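Asker: Generate a structure from the sequence data that follows.
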Amino acid sequence: MSQFTPDHSAFPPGRRPQRQAQPGQTRQLPRFHLVLHHDPQLELMFIVRTVMELTRLCRAEATHKMWEAYHGGRSVLLTTYKERAELYVEQFTDKGLKVSIEPQ
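Answerer: Numbers count the residues shown, from 1 in each chain. I've put the predicted structure just below:
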């Protein structure tokens, strides 16, 4: 029975060789917009407070997004990865706000 002893001298202890990406071939996850839709039934300050609470936007930005949705029917709150956007949709829906996600 032969024993195979790999030569680990080329790598420092605790390090394994890693595949390196070719220049210009970095993979990025697709990004999605989280869109707030206007709902005439909701109080405007409730929308601002909820946007501030869930997204950590400042009051001025949350107010701007609320007015954008109020006047235009929709407002892009943020752009993020699909899983995080889906989490935001659940959180906003639990609070009673209408949001959706769409590819960037």
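
Asker: From now on I want contacts and neighbour counts done on CA atoms only, so please keep to that.
Answerer: Noted.

Asker: which stretches of the chain form helices?
Answerer: Using DSSP state H, the helices found in the chain span residues 44-55, 59-72, 82-95.

Asker: May I see these arranged in CSV, with distance to Val35 as well?
Answerer: Below are the helices of the chain laid out as CSV (distance: least, Cα to Cα, whole Å):
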stretch, distance to Val35
helix 44-55, 11
helix 59-72, 9
helix 82-95, 9
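
Asker: between those helices, which gets nearest to Thr26?
Answerer: helix 82-95 (18.5 Å; Cα to Cα).

Asker: Look up phi and psi at Pro40.
Answerer: Taking degrees, to the nearest 10, you get phi -70, psi -10 for the backbone angles of Pro40.

Asker: Make CSV out of the helices of the chain and add mean pLDDT.
Answerer: Shown next, in CSV, are the helices of the chain (pLDDT from 0 to 100):
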stretch, mean pLDDT
helix 44-55, 97
helix 59-72, 98
helix 82-95, 97
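
Asker: Mean neighbour count added to these, as CSV?
Answerer: CSV is the format used below for the helices of the chain (neighbours: other Cα atoms under 10 Å):
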stretch, mean neighbour count
helix 44-55, 16
helix 59-72, 17
helix 82-95, 16
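
Asker: of all those helices, which lies closest to Leu36?
Answerer: Of all the helices of the chain, helix 59-72 comes closest under Cα to Cα, at 6.5 Å.

Asker: ok, what's across the strand from the residue positioned nearest the centre of the chain?
Answerer: Central residue of the chain (Cα atoms, centre = their mean): Thr80, 2.5 Å from the mean position. Taking DSSP bridges as the rule, Thr80 bridges to Phe32.
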